[in-house]
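Novice: next input, structure requested:
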Amino acid sequence: MLIYLLILMFLCGLIVFSSKRKHFLLMLLSLEFIVLSLYMNMFYLLNFMDYEYFFCMIFLTMSVCEGALGLSLLISMIRTCGNDYILTLTSLW
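Specialist: Now for the predicted structure:
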C-alpha cells in the first residue's frame, strides 16, 4: 500500500512540474518533491529487499547538489532580471 502512495507522490510532483512552468521557484520546489518521493521509494525498496543503504546516501548527495545549483541559478536570475518569471527571459532562449 505504501508503494502506491509513493507512486502517487511522484505523479503529483510531475503534474505540478508540468503545470507551473512560469515560475522558476515553483518548478524547483516540484523537482525537490519528485526527488524526495524517489528517495522514499528507493529506501522502501532497498529495505524490502534487505540491501545496503549506500546508494541512498549517494542519491541524497546528488539531490542536495541539484538543489544548491537550482537555488544559485534562481538567485542569479533574480539579480539580473528582477523576477523569477521564465517567460520574460529572452536571453536564455
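Novice: in which helix or strand would I find the residue lying closest to Asn41 once chain neighbours are set aside?
Specialist: Spatial nearest neighbour of Asn41, chain neighbours left out: Leu6 (4.4 Å); criterion: C-beta to C-beta, 6 or more residues apart in numbering. C-beta: built from backbone N, CA, C; applies to glycine. Assigned by DSSP states H and E, Leu6 belongs to helix 2-19.
Novice: remind me, longest helix of the protein?
Specialist: With residue count as the measure and DSSP state H as the assignment, the chain has helix 54-81 as its longest helix.
Novice: can you list the buried residues in that one?
Specialist: Burial within helix 54-81, assessed by neighbour count using 16 or more other C-beta atoms under 10 Å, is assigned to 56, 59, 63, 70, 74, 77.
Novice: specify the residue positioned farthest from the middle of this structure.
Specialist: Distance to the chain centre peaks in the chain at Asp50, reaching 26.7 Å (criterion: C-alpha atoms, centre = their mean).
Novice: wasn't that one part of a helix?
Specialist: No: the assignment for Asp50 is coil, going by DSSP: H, G, I helix; E, B strand; the rest coil, so no helix is present there.
Novice: need phi/psi at it.
Specialist: Main-chain torsions, Asp50, degrees, to the nearest 10: phi 60, psi 40.
Novice: circling back: which other helices and strands contact the longest helix of the chain?
Specialist: If contacts are counted by 3 or more C-beta pairs under 8 Å, 6 or more residues apart in numbering; DSSP states H and E, helix 54-81 sits against helix 24-48.
Novice: same question for the helix it packs on, mean pLDDT?
Specialist: The predicted model gives helix 24-48 an average pLDDT of 90.
Novice: hang on, the earlier thing: separation between the residue farthest from the centre of the chain and Ser63?
Specialist: For Asp50, the distance to Ser63 equals 24 Å [C-beta to C-beta, to the nearest Å].
Novice: equivalent analysis for Asp84, please.
Specialist: Noted for Asp84: a distance of 21 Å to Ser63, by C-beta to C-beta.
Novice: wait, the residue nearest to Asn41 touches Ile34, no?
Specialist: No: with contact taken as C-beta atoms under 8 Å, Leu6 and Ile34 are classed as non-touching, separated by 11.2 Å.
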